[in-house]
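S.K.: Everything below, folded, please.
(chains A and B)
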Amino acid sequence: MTDAKFIPAATVASVPEGDVIGVEVGGRKIALFKLDGMIYALEGYCTHGHAELAGGYVEGDRIQCPMHGGMFEIRTGKAVGDPCTVDLPVLPVRIEGDQVLVGLPGEGG
Amino acid sequence: MQRKNTFDTYKDAPARGPYDEMPMLELGIDPQVHLSRNAIAQPFFLVCEGDTMIVQMAGEARIEFRQSPVKFFDAELGDFVYVPGGTPHRIVPKSPSIHLRYKAMLPGLEGVAWYANGSDRELGRVVWNCAEELPQEGYFRACRAFNDDPKLRGGLPQIDLAPYRWAALADEIRQAEAGEIERAKRRNLPPFKTDTRAKRDLAIKPPPADRVPLKTNCFTHARSAPAALSPLFPYFAPGCIVPGSVMTGTQGGLRGYFVHRNTVHEVNLGMGTDGAYPVPGVVRVGPLQHPVGEKPGQAAMPRGAGLIIITQRQAPPEEPQSESTIFFCEKCDNELLRRDYSAVEFPGALEGPADEEMIGLPTISQSAASANAFNEEEAARTCQKCGHVNPPFPDASWGWEEYRRRTQIASKVKRSLMAAAAAASS
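M.R.: Sure thing, here's the model as predicted:
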């Protein structure tokens, strides 16, 4: 993703292991996860409807949407549980010092 | 037990026992929903400071009241029983039953009471503050006091405490809540609300004069309800528990898509389907801002005809209650129109008496006003981002405008009847 602009989203320490937090980056809702020490970023809203994923539950390497219980793989964004059928965009992540930077597509830079 | 924003009544009931009143939803959700599996008579009359609602999810039971104009209701599958705060009541199963009870997350005072056989003469009462003592701890302490004190028993037999496991349940609840508090801290969420009311006398007020116990069967209600979310009971004051029915599979289904924002939680209870959704007995609480309907471009939910009861608890007067309807572009997902409104006011002028019952559930009439705002002006439906002109929202299938119209007519004609009655009696 060459045209992504990386924007600070959170500190590494503020993302809990095995869990999710919601952040707003460049006016967009983003869900940040930490699995086995690695940080992942997904679009913040479920693809099935405008429900914020950060209010959901991490089950292993999946996030369960708090609205209808649909599931996505955290590492790939793949929709793996009804009623969700459209994958979630995965956003690139960089770690600089103690900062988590999230790359927003189309932001340039 | 890890509590979440959802549970399955029928899968979880076998693990529950008599009058467990187990809070099944995670901390912070208001109203909380409590699950019990009851086959024996409740060993006391329960008295809650706030309003509660009991749902008969299996079996049949009699719900008895004391110090109330209503003496009892016989409840069967799908019956919702509204119990105004301060009303002593107890459940007497006629067959093994599963009950859900809705009540405030911070229930304030609760107590148990005993009465001389079949009468309103109270023998004794034990009250506690739920901010300091869990209901299950209160039940256990009160029943032991009852057994130890012949004067309190007033000739009634001692209670066999063997079927109840309230002490263990209290430990389970405290453990679950400690885990939820810890999880919220990890996720940088604000702390959960706590009961900050000053310590009070342990005296529960009698029920409000304008509220009596009521029973509604959700199936007979839904078949004649004019709109999605039609309330089962006419109680809308602050603190009231407001269940509304949403029947799918009518008139080609509830079409259209929007996002709804609420300042109070909406507890969804699946009451049956001929398809895959809503799952019967599943309780689910979505985020305060949540999608409604089928988002364009998505595979349709595998739903058939179905019935969901959506319940909210009206906020106290010091917490302004508001909602929003938000429409999005079907092509590019850009926000088109957002209408914010008060959740306790009727949109526009309403003739007639300004009583809470006649206003009905303002959410429905406000939703009609939101759809009108979207539909009336093409500019409101034209996406500023991609230029697509979105079709009008198909509000007729939701019945909102019909509910609003009926509310206006009911208010108007009530005023004319009041005038006629006043003239005749003067």
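
S.K.: can you give me the strands in the stretch 101-250 of chain B?
M.R.: Listed in chain order, the strands of the stretch 101-250 of chain B (DSSP state E, counting those that start in this stretch) span B:109-115, B:122-129, B:214-217, B:230-231, B:241-248.

S.K.: can you put those strands in CSV and add mean neighbour count, distance to A:Cys65 and mean pLDDT?
M.R.: In this view, the C-beta of every residue, glycine as well, is placed from N, C-alpha and C. CSV is the format used below for those (neighbours: other C-beta atoms under 10 Å in any protein chain shown; distance: least, C-beta to C-beta, whole Å; pLDDT from 0 to 100):
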stretch, mean neighbour count, distance to A:Cys65, mean pLDDT
strand B:109-115, 23, 35, 97
strand B:122-129, 18, 37, 96
strand B:214-217, 18, 31, 98
strand B:230-231, 22, 28, 97
strand B:241-248, 22, 20, 95
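
S.K.: Does chain A have contacts with stretch B:5-16?
M.R.: Yes. Stretch B:5-16 comes into contact with chain A (C-beta under 8 Å from any C-beta of the partner chain), by way of B:Asn5, B:Thr6.

S.K.: Just the CA coordinates for that stretch, please, in CSV.
M.R.: Taking C-alpha atoms only, stretch B:5-16 is exported to CSV below (Å, rounded to 0.1, in the frame of the first residue of the first chain):
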residue,chain,number,x,y,z
ASN,B,5,-23.8,-8.6,25.6
THR,B,6,-25.7,-11.8,24.7
PHE,B,7,-27.0,-15.1,26.0
ASP,B,8,-29.3,-17.9,25.0
THR,B,9,-32.1,-18.3,27.5
TYR,B,10,-32.8,-21.9,26.6
LYS,B,11,-29.1,-23.0,26.5
ASP,B,12,-28.3,-21.3,29.7
ALA,B,13,-31.4,-22.2,31.7
PRO,B,14,-30.4,-25.7,32.6
ALA,B,15,-27.5,-24.3,34.6
ARG,B,16,-29.8,-22.0,36.6
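
S.K.: List the buried residues of that stretch.
M.R.: Within stretch B:5-16, the residues scored as buried using 16 or more other C-beta atoms under 10 Å in any protein chain shown are B:Asn5, B:Thr6, B:Phe7, B:Thr9, B:Asp12, B:Ala13, B:Arg16.

S.K.: So the first one versus B:Glu266, what's the distance?
M.R.: If you measure B:Asn5 against B:Glu266 using C-beta to C-beta, to the nearest Å, the figure is 11 Å.

S.K.: The third one too?
M.R.: Computed as C-beta to C-beta, the B:Phe7 to B:Glu266 distance reads 16 Å.

S.K.: Then the fifth one?
M.R.: With distances taken as C-beta to C-beta, B:Asp12 is found 21 Å from B:Glu266.

S.K.: before we move on, what about the last one?
M.R.: Computed as C-beta to C-beta, the B:Arg16 to B:Glu266 distance reads 24 Å.

S.K.: which stretch among the strands of the stretch 101-250 of chain B comes nearest B:Arg62?
M.R.: Taking C-beta to C-beta, strand B:214-217 is the member of these nearest to B:Arg62, at 11.3 Å.

S.K.: Just checking: what are the partner strands of that closest one?
M.R.: Take DSSP bridges as the rule and strand B:214-217 pairs in its sheet with strand B:79-83 (antiparallel).

S.K.: Show me what whichever helix or strand comes after the partner strand is packed up against.
M.R.: In the C-terminal direction, the helix or strand that comes right after strand B:79-83 (DSSP states H and E) is strand B:89-93. If contacts are counted by 3 or more C-beta pairs under 8 Å, 6 or more residues apart in numbering or on different chains; DSSP states H and E, strand B:89-93 sits against strand B:45-48, strand B:61-65.

S.K.: can you tell me which of the ones you listed comes nearest to chain A?
M.R.: The minimum distance between chain A and the helices and strands packed on strand B:89-93 falls on strand B:45-48, with 28.3 Å, by C-beta to the nearest C-beta.

S.K.: who's in contact with that closest one?
M.R.: Contact partners of strand B:45-48, identified using C-beta atoms under 8 Å, 6 or more residues apart in numbering or on different chains, comprise B:64, B:66, B:83, B:85-90, B:103, B:107, B:109-115, B:125, B:127, B:204.

S.K.: how far is that strand from where the chain is centred?
M.R.: Taking the mean of its C-alpha atoms, strand B:45-48 sits 18 Å from the chain's own mean (C-alpha atoms, centre = their mean, to the nearest Å).
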